[in-house]
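*Asks:* Let's see this in three dimensions:
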Amino acid sequence: MSPDPGSGTSSSSTGPGAPAPGTGLGVWLGFAPLAAVVGLRWVLQWLDDRTDAAPAWPLAPFVGTQDPLGWLPAAGWTLGALALLILAAWWLRRRHGARVLWRWLAGLWLAVALAACAGQLLHFLNLRGLQAQPQALAAQVLGSRAVPPSARGPGGTLLVLQLPGEAPQQALVGHPGAAALTAGQPLALHWARGRWWGRYVTGWPDAGPAASATSPDNPRP
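*Replies:* Below is the predicted model:
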């Protein structure tokens with residue numbers, strides 16, 4: 001009895017040396033979303049470096065006035081969500097098998113990558129749509145300290161500011177003139193609102209030319 005001509009081809013394609021079905025797709029799903037996040041960040045940074053935009057330093061609540069245990073509820077929700085995810089993955093694998101589980105995990109990985117890309121893009125557009133406010137923001141310097149450059153940003157001077165009727169605020173300012181500000185000194189801050197959220201310090205009367213300033217959100221080479 002002669003062997004089936006197609007049997008050799010079929011056995012060779014599924015032999016021990018052949019790649020498992022879907023291996024290439026799995027590798028692509030593993031690295032492409034991460035590459036998209038990193039690539040988008042690089043492109044937005046490249047656009048920032050070539051934009052002649054005025055510096056803008058985010059104004060945020062001073063961390064010293066925040067509850068030191070305020071992170072516990074967020075950590076609890078995170079651990080709870082992680083436990084539910086592990087439980088759902090165990091149930092899905094037990095009920096529908098590993099193939100369905102991997103499909104769901106791939107979809108979740110894609111959703112996380114898309115959310116990261118959307119967050120970067122929204123942050124970029126929020127800064128590109130700054131709305132300068134005509135009324136200066138009265139403030140008083142409560143203190144300051146130098147912040148060295150790091151992987152997270154170029155550093156600068158961390159100003160702690162008291163605004164009328166508000167809890168102390170802070171801004172990491174890259175302008176060299178910020179280092180000369182002293183505690184108790186009043187300031188009339190120039191500021192702007194983001195396109196959708198946030199307040200940003202853009203300078204003060206004695207700050208001098210803004211062209212020499214460096215912003216953590218809009219660094220210059």
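*Asks:* Can you get me a residue count around Val201?
*Replies:* Val201 is flanked by 27 other residues according to other CB atoms under 10 Å. Backbone N, C-alpha and C define where each C-beta goes, glycine included.
*Asks:* With Gly165 instead?
*Replies:* By other CB under 10 Å, 5 other residues sit near Gly165.
*Asks:* ok, it - contacts?
*Replies:* Under the criterion of CB atoms under 8 Å, 6 or more residues apart in numbering, Gly165 has no contact partners.
*Asks:* Same check on the one 4 residues further on?
*Replies:* By CB under 8 Å, 6+ apart, the residues touching Gln169 are Leu59, Ala60, Pro61, Phe62, Ala139, Val160, Leu161, Gln162, Leu163.
*Asks:* Just the buried subset of those residues, written out for ChimeraX, thanks.
*Replies:* The following ChimeraX command selects only the buried members of these, with burial defined by 16 or more other CB atoms under 10 Å:
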select :59,62,139,160,161,162,163
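*Asks:* Please produce TSV containing the contacts of Gln169, extended by distance to Trp196 and pLDDT.
*Replies:* Written out in TSV, the entries for these read as follows (distance: CB to CB, whole Å; pLDDT from 0 to 100):
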residue	distance to Trp196	pLDDT
Leu59	15	94
Ala60	16	92
Pro61	19	90
Phe62	23	89
Ala139	24	93
Val160	26	94
Leu161	23	95
Gln162	27	94
Leu163	21	94
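*Asks:* of all the contacts of Gln169, which comes closest to Ala75?
*Replies:* Pro61 (19.4 Å; CB to CB).
*Asks:* Just want the phi and psi numbers for that closest one.
*Replies:* phi -60, psi 140 (degrees, to the nearest 10).
*Asks:* How about Ala138?
*Replies:* The phi and psi values for Ala138, taken as degrees, to the nearest 10, are phi -70, psi 130.
*Asks:* Please name the nearest non-neighbouring residue to it.
*Replies:* For Ala138, ignoring the flanking residues on the chain, the nearest one in space by CB to CB, 6 or more residues apart in numbering is Pro164 at 5.9 Å.
*Asks:* doesn't the one you found fall inside a strand?
*Replies:* No: Pro164 is assigned coil when assessed by DSSP: H, G, I helix; E, B strand; the rest coil, not a strand.
*Asks:* ok so, going back, as a markdown table, the contacts of Gln169 with distance to Leu40 would be great.
*Replies:* Written out in a markdown table, the entries for the contacts of Gln169 read as follows (distance: CB to CB, whole Å):
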| residue | distance to Leu40 |
| --- | --- |
| Leu59 | 26 |
| Ala60 | 24 |
| Pro61 | 29 |
| Phe62 | 32 |
| Ala139 | 35 |
| Val160 | 34 |
| Leu161 | 33 |
| Gln162 | 38 |
| Leu163 | 35 |
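*Asks:* is it true that Val201 lies in a helix?
*Replies:* No: the assignment for Val201 is strand, going by three-state DSSP, so no helix is present there.
*Asks:* Buried residues in stretch 172-186, which are they?
*Replies:* Going by neighbour count (16+ other CB under 10 Å), the buried part of stretch 172-186 is Leu172, Val173, Gly174, His175, Gly177, Ala178, Leu181.
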